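J.: Quick one: sequence plus predicted model below, questions after.
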Amino acid sequence: MNTDNGIHVIPATPYIGADVHNVDLARVVDVTDVATIEALRLALDEHLVLRLRGQHLSASQMERFGAYFGGFVSLKRPEQRDALHIPGLQFVKCISNGVTADGRPVGDGSAKPQDWHTDGAMKPRPATYSHFYARVVPADPPRTYWMNMYRVYDSLPAQWREEIQDLWVIHHQYSAGNEFPLPPSLPLAKRMEGPRHPLVRRHPTSGRPLLYLPHRDDAIVVGRDEAASRQLLARLRDFAARSPYWWSAAMELDDFVIWDNRACLHRRDGWDPARERTLWHLANEGEVPVPYYAASELDVKQAS
């Protein structure tokens with residue numbers, strides 16, 4: 001697809017992902033190129049994940065670009081308070097296993113692989129869009145994967161869609177709970193704490209239903225006991241993991257990726273912990289998730 005302003009969008013798969021050419025994000029920010037930003041927004045609506053290679057952005061330019069997609073939410077890990085990140089910027093965080101010369105963590109994270117997850121799902125207003133910018137990469141960079149949750153929902157057996165249409169899940173807070181090996185479950189009382197999001201969510205832009213899964217099988221489904229919750233979520237997460245509706249990319253130096261965090265799950269491979277990998281990460285704060293099958297306004301208010 002070519003746009004009127006010369007942007008070239010090449011789909012990566014029939015289901016999700018696209019490479020975008022002829023866009024210099026630093027210039028877009030510096031001259032306030034609203035037309036290009038709107039073209040990128042439309043491409044995101046269609047492809048869900050966009051990769052722009054060979055970008056040259058400062059951290060403040062990255063934040064200014066992200067501001068065109070809404071306000072921000074901090075996803076820095078509270079348990080890693082000594083992480084350096086980007087001094088002076090509250091919301092741009094470093095995902096890194098690197099350390100400074102004096103031993104301070106460059107950012108929060110590790111070289112471990114991660115399971116499928118949604119950024120900030122344990123917050124009342126999860127992220128709408130997430131942005132990655134590769135700043136340091138190992139010689140053999142790990143792959144990151146994104147999955148189209150519209151397609152996953154549409155491919156569920158009809159009986160399953162009927163079973164889950166009115167269900168809500170408690171998205172509890174945990175520390176690095178999606179990194180392998182997965183840490184043990186928190187006590188049940190802790191897993192009962194957190195925002196309740198609908199399992200079938202209505203996307204606020206497209207209006208389409210999507211499967212909105214928690215990070216782990218041990219989350220609690222409202223109205224079901226611990227065993228029944230785990231059985232259902234494990235079945236759904238396994239179904240999603242086996243689906244073909246994903247795209248992967250090994251992020252190279254200066255690659256910039258933005259994706260619709262509401263409609264995607266993502267995960268990553270691990271890498272040699274002796275090799276540093278540092279991504280800058282930014283997340284836009286979103287809206288309270290709304291159920292697709294809202295029987296009344298009370299269902300919508302339940303999410304707030």
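T.: Sure, I can see it. Numbers count the residues shown, from 1 in each chain.
J.: Run a quick neighbour tally on A241.
T.: Applying other C-beta atoms under 10 Å, we find 14 other residues in the vicinity of A241. For the C-beta atoms, the positions are set from N, CA and C on the backbone; glycine is no exception.
J.: Which residue is the nearest non-sequential neighbour of it?
T.: Nearest in space to A241, with sequence neighbours left out and distances taken as C-beta to C-beta, 6 or more residues apart in numbering, is W116 at 6.4 Å.
J.: okay, the one you found: pLDDT?
T.: Note for W116: predicted pLDDT of 97.
J.: For it, give me its contacts.
T.: Residues in contact with W116 (C-beta atoms under 8 Å, 6 or more residues apart in numbering) are Y145, M147, N178, L213, R237, A240, A241, L265, H266, R267.
J.: Over to L84?
T.: Neighbouring residues of L84 by C-beta under 8 Å, 6+ apart: C94, T100, R104, P105, V106, G107.
J.: in what helix or strand does it lie?
T.: Using DSSP states H and E, L84 maps to neither a helix nor a strand.
J.: which helix is the longest one in the protein?
T.: helix 226-241 (DSSP state H).
J.: and the next element down the chain from it?
T.: Downstream of helix 226-241, the next assigned helix or strand under DSSP H and E is strand 246-250.
J.: Tell me which strands that following strand pairs with, and in which orientation.
T.: Sheet pairing of strand 246-250 (DSSP bridges) gives strand 143-148 (antiparallel).
J.: Going C-terminal from the strand it pairs with, what's the next secondary structure element?
T.: The helix or strand immediately downstream of strand 143-148 is helix 149-155, counting by DSSP H and E.
J.: contacts for whichever helix or strand comes after that next one?
T.: Counting by DSSP H and E, the next helix or strand C-terminal to helix 149-155 is helix 158-164. With C-beta under 8 Å, 6+ apart as the test, helix 158-164 has contacts from Y153, L156, L199, V200, L232, L236, F239.
J.: What separation is there between the residue nearest to A241 and A134?
T.: Going from W116 to A134 by C-beta to C-beta, to the nearest Å gives 21 Å.
J.: got it, and R125?
T.: 27 Å.
J.: These two - which one has more neighbours?
T.: Neighbours were counted for R125 and for A134 using other C-beta under 10 Å; A134 has more, 21 against 16.
J.: Which among the contacts of L84 count as buried?
T.: Among the contacts of L84, those buried by neighbour count (16 or more other C-beta atoms under 10 Å) are C94, P105, V106, G107.
J.: for the chain, what helix or strand is lowest in average pLDDT?
T.: Across the helices and strands of the chain, mean confidence by mean pLDDT, DSSP states H and E is lowest for helix 297-302: a mean of 46.
J.: pLDDT wise, what is the residue of the chain positioned farthest from its centre at?
T.: Note on the chain: the largest C-alpha distance from the chain mean falls to D102, namely 31.7 Å (C-alpha atoms, centre = their mean). We have a pLDDT of 88 for D102.
J.: same question, L236
T.: 98.
J.: Kindly report the same for S60.
T.: Predicted confidence (pLDDT) for S60: 97.
J.: try T3
T.: Taking T3 on its own, its pLDDT is 57.
J.: How about P87?
T.: We have a pLDDT of 89 for P87.
J.: can you check the one 3 residues further on too?
T.: Reading off the per-residue confidence, Q90 sits at a pLDDT of 92.
J.: can you pull the contacts of it?
T.: Going by C-beta under 8 Å, 6+ apart, Q90 touches F72, S74.
J.: For it, give its distance to K123.
T.: Q90 is 16 Å from K123, by C-beta to C-beta.
J.: now E193
T.: For E193, the distance to K123 - C-beta to C-beta - is 13 Å.
J.: V257: which of the contacts of W116 is nearest?
T.: For the contacts of W116, the minimum distance to V257 (C-beta to C-beta) is 9.5 Å, reached by H266.
J.: Just grab the bridge partners of that closest one for me.
T.: Beta-bridge partners, per DSSP bridges, of H266: H117, W146.
J.: Does H85 touch K76 like I think?
T.: Yes - with contact defined as C-beta atoms under 8 Å, H85 counts as touching K76 (6.5 Å).
J.: Quickly list what's touching both of those two.
T.: Common neighbours of H85 and K76, counting by C-beta under 8 Å, 6+ apart, are K93, D108.
J.: mind listing the helices for the stretch 1-150 of the chain?
T.: Under the criterion DSSP state H, counting those that start in this stretch, helices of the stretch 1-150 of the chain are mapped to 25-30, 34-47, 59-67, 149-155.
J.: possible to save those helices as CSV with mean neighbour count?
T.: Formatted as CSV, these follow (neighbours: other C-beta atoms under 10 Å):
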stretch, mean neighbour count
helix 25-30, 17
helix 34-47, 17
helix 59-67, 19
helix 149-155, 21
